[in-house]
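Participant: Need coordinates for the following:
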Amino acid sequence: MKYKIGQKIEFTNNFTVELEKGKKARIVKGDKAMVVRKVDENSGEIVYITGEASGLSQIIAINVDEKVDADYIAGKIINNL
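Facilitator: Numbers count the residues shown, from 1 in each chain. I've put the predicted structure just below:
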């Protein structure tokens, strides 16, 4: 599956991510992240938007389409007006 920049991802499993200086953050089922950029053909950067890791970014193994999720971005603009 290819993800678009700006698309939200909802996690379906619990797992832990390693942070700086040996700290860890727990991601639980239902936490969300947003795809922010394509790194290369096999990876992209996400930013966690809910849960313990909220505000943190991570590069993960996903296929990212270079197209922007225009519907999501347009909705955010309209909601902020």
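Participant: so Ile59 touches Gly44, yeah?
Facilitator: Yes - with contact defined as C-beta atoms under 8 Å, Ile59 counts as touching Gly44 (7.1 Å). No exception for glycine: its C-beta is placed from N, CA and C like everyone else's.
Participant: Which strands and helices lie in contact with the lengthiest strand in the chain?
Facilitator: As assigned by DSSP state E, the longest strand anywhere in the chain is strand 32-40. On a contact count with 3 or more C-beta pairs under 8 Å, 6 or more residues apart in numbering; DSSP states H and E, strand 32-40 meets strand 2-5, strand 8-10, strand 43-48, strand 63-68.
Participant: which one of the ones you listed is the most hemmed in?
Facilitator: strand 43-48 (a mean of 19; mean count of other C-beta atoms under 10 Å).
Participant: Just the C-alpha atoms of it, please, in CSV.
Facilitator: Coordinates of the C-alpha atoms in strand 43-48 are reproduced here as CSV (Å, rounded to 0.1, in the frame of the first residue of the first chain):
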residue,chain,number,x,y,z
SER,A,43,10.8,4.5,3.6
GLY,A,44,9.0,7.6,4.8
GLU,A,45,9.0,9.9,7.8
ILE,A,46,6.0,10.0,10.1
VAL,A,47,5.1,12.2,13.1
TYR,A,48,3.1,10.7,15.9
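Participant: This completes my enquiry, with thanks.
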